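Asker: Predicted model, plus sequence, below.
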Amino acid sequence: MGSSPGIPQIKISGQDARLSPVMIGVGSIFMKIENSGNADDSIVNARLALLGTVTELHDIKDGKMVKIDRINIPAGSAVELKPKGLHIMVFKMPETIKDGSEVTLHLTFERSGEKQVTLKFGKWANEKMGHGH
């Protein structure tokens, strides 16, 4: 690589949030993250602007959901957060969060800083259920 560190260019689209059909206060968040810049970046934290919620970055390894420390977004590529793959899990959501509730997700990128995304929670369609339920 050259002496210039480069700059990531992060664009978030297609965000989708789903309430768990089996666990109250639990949800999954999906989206597409594009990095059209010339430097890698990573999501290092995600949080909802809701008191008491716990938000974790997850992946599927050997068919099991596992917590991970970061989601890498390489330069010049796109990463899809989707069922049965990389995604964001939310736990301990207030009971006021129902189908149709809108929330703000704060994503912290290692190089690009914080980006906010508005999400609307919906229900799982049977064919989209992603965690072996």
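Answerer: Okay, I see it.
Asker: Next one: Ser77 from Gly37, what distance?
Answerer: Separation of Ser77 from Gly37 (C-beta to C-beta, to the nearest Å): 10 Å. C-betas here are computed from N, CA, C, even on glycine.
Asker: So if I had to pick from the two, which one is more boxed in?
Answerer: Comparing Ser77 with Gly37 by other C-beta atoms under 10 Å, the one with more neighbours is Gly37, at 18 against 12.
Asker: list the contacts for that one?
Answerer: Shown in contact with Gly37 (C-beta atoms under 8 Å, 6 or more residues apart in numbering): 6-10, 75-76.
Asker: Scan those and report the most crowded one.
Answerer: Among these, Pro8 has the most neighbours (other C-beta under 10 Å), with 20 neighbours.
Asker: Quick check: it is in a strand.
Answerer: No. According to DSSP: H, G, I helix; E, B strand; the rest coil, Pro8 belongs to no strand; its state is coil.
Asker: That one is in contact with Gly76, isn't it?
Answerer: No. Pro8 is beyond contact range of Gly76, at 9.9 Å (criterion: C-beta atoms under 8 Å).
Asker: who does the host helix or strand of Val103 pair up with?
Answerer: If you go by DSSP states H and E, Val103 is part of strand 102-109. Using DSSP bridges, strand 102-109 pairs in its sheet with strand 41-48 (antiparallel), strand 113-123 (antiparallel).
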